[in-house]
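Asker: Generate a structure from the sequence data that follows.
(one chain, ligands or ions: 2)
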Amino acid sequence: MNKKILVTGGAGYIGTHTCIALHAAGYDIVVYDNLSNSSREAINRVSTLIGQSIDFIEGDIRDAESLRQVFSAHQFFGVIHFAGLKAVGESVAQPLKYYDNNVSGTITLLEVMSEYDVKNLVFSSSATVYGDPERLPIDENSPRSCTNPYGQSKLTVEHILEDLAVSDASWNLIPLRYFNPVGAHPSGQIGEDPNDIPNNLMPYISQVAVGKLEKLSIFGNDYPTTDGTGVRDFIHVTDLAQGHVAALNYLESQTRTAKTDSIGFLPINLGTGKGTSVLELVAAFSKVSEQDIPYQFADRRAGDIASCYASADKAKDLLKWQAELSIAEMCQDTWRWQSMNPNGYNAT
Ligand code: NAD
Ligand code: UD1
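Answerer: Numbering: from 1, shown residues only. Ligands and ions are numbered 1, 2, ... in the order given. As a prediction, the model looks like this:
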């Protein structure tokens, strides 16, 4: 069985962790990334961790010719497609940039995949496609809606994948809907390295703990939750990475037994199924890092919802995968990465 996988966006936060998990599972990988939100240093560190040089191509998913060269040079079983832009606020300010990168880029990738008859895809979708959920936990049949261009770009790609699966039964398309990925590799060598001031909670907390930022603003303490702060389903990035391996293994087993028509478009949540509040995460981080995390309450952030956590049953049933790591381990590994690399991959 051909076990070579193209990993678009493989130099990024989730991509790097997934490359390590894929390598450990016996997959050969080729990473394709334009380094717009990542660095060669991340690739170098993955190479060191796996003990062999990563096959890396610097390129853009919107560049069909460059993709063709890659598909001509390698025979892929499938593609894991992480490449995309992900900052919600920036997407509101620059919607065309987001639709171009995330939607047009994916269309170009799918066209080239089709040309080379590579029809197995795992796509990075997001729990953001569920909008403000009607019921909790959120299962894969929940209604979808989005309020910002980033979320719309993910939802639009999902619609494109659905249409593609209807048009041609030989496509096997698995959008994985991530809940809130946090944490870092236990070595402390790779982790999330946001440009500028972080938008997301965990990197903000860790930068306060390490002394780079003064205090956390908690956006709202009047939500209908246990302590009034937002509740999310935080999932360790190494568990998430393992979820991608499980999705590929599933694709492989289905194609081997010629059951391809049973896949088509198959969305799957990757979450723990447990909700944790902002205040609970702050307390857990403070405990494992033995640092004070000063905070103040601020107004709710536009577009935020009260609570969001997954039904993780479909992943367990189909992929035989479930998240293993605790909130304490997520905080511990984030803290190790942050304290060993206070300036991220940039040594200065
Ligand atoms: P990231 O920014 O760390 O990684 C994305 C990678 O894609 C980067 O290395 C970037 O350089 C690359 N890239 C961007 N545009 C590209 C293009 N046109 N051509 C080639 N490479 C390109 O982000 P991440 O956190 O690792 O997220 C990976 C994927 O998962 C993204 O699609 C993101 O939208 C999605 N996602 C992330 C989260 C999260 O909380 N991190 C949650 C849900 C979904
Ligand atoms: C956000 C995005 C979502 C995206 C996800 C992963 C918004 C509205 N949603 O989700 O589309 O898929 O990131 O990239 O931006 N919080 C604070 N203070 C902070 C930061 C966050 O109190 O400085 C709170 C938020 O109000 C929320 C919780 O922490 O209640 C989690 O926030 P965050 O980490 O940004 O994730 P999401 O809002 O779930």
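
Asker: Any idea which residue of the stretch 201-348 of the chain lies closest to ligand 2?
Answerer: G230 (2.3 Å; CB to the nearest ligand atom). C-beta: built from backbone N, CA, C; applies to glycine.

Asker: burial count for that residue?
Answerer: The local packing of G230 (other CB atoms under 10 Å) involves 25 other residues.

Asker: Likewise for T147?
Answerer: Using other CB under 10 Å, T147 has 15 other residues around it.

Asker: Sticking with K314, tell me its helix or strand.
Answerer: K314 is part of helix 313-314, with elements assigned from DSSP states H and E.

Asker: so where's the protein uncertain?
Answerer: 1-2, 257-261, 348 (pLDDT under 70).

Asker: For it, which residues are neighbours of ligand 2?
Answerer: 86, 88, 126, 128, 150-151, 180, 199-201, 204, 216-219, 230, 232, 278, 301, 303-304 (CB under 6 Å from any ligand atom).

Asker: Tell me the buried residues within those residues.
Answerer: 86, 88, 126, 128, 150-151, 180, 200-201, 204, 216, 218-219, 230, 232, 278 (16 or more other CB atoms under 10 Å).

Asker: From what I see, F297 and L216 are in contact.
Answerer: No: F297 sits out of contact with L216 when judged by CB atoms under 8 Å, with a separation of 10.0 Å.

Asker: ok, the closest residue to Q152 other than its chain neighbours - contacts?
Answerer: Closest residue to Q152 apart from its sequence neighbours, by CB to CB, 6 or more residues apart in numbering: C146 at 4.8 Å. Residues in contact with C146 (CB atoms under 8 Å, 6 or more residues apart in numbering) are T128, V129, G131, Q152, K154, L155.

Asker: The same query, at a cut-off of 10 Å, please.
Answerer: S126, T128, V129, Y130, G131, Q152, S153, K154, L155, T156, G303 (CB atoms under 10 Å, 6 or more residues apart in numbering).

Asker: so it is in which element?
Answerer: Per DSSP H and E, there is no helix or strand for C146.

Asker: Tell me how many other residues crowd A73.
Answerer: Using other CB under 10 Å, A73 is surrounded by 10 other residues.

Asker: Could you double-check that it lies in contact with G59?
Answerer: No: using CB atoms under 10 Å, A73 is not in contact with G59, being 12.0 Å away.

Asker: between F297 and L216, what contacts are shared?
Answerer: With CB under 10 Å, 6+ apart as the test, F297 and L216 both reach V278.

Asker: For the helix holding K314, what is the distance to the chain centroid?
Answerer: 18 Å (CA atoms, centre = their mean, to the nearest Å).

Asker: Point me to the helix or strand that includes P175.
Answerer: Assigned by DSSP H and E, P175 falls within strand 172-178.
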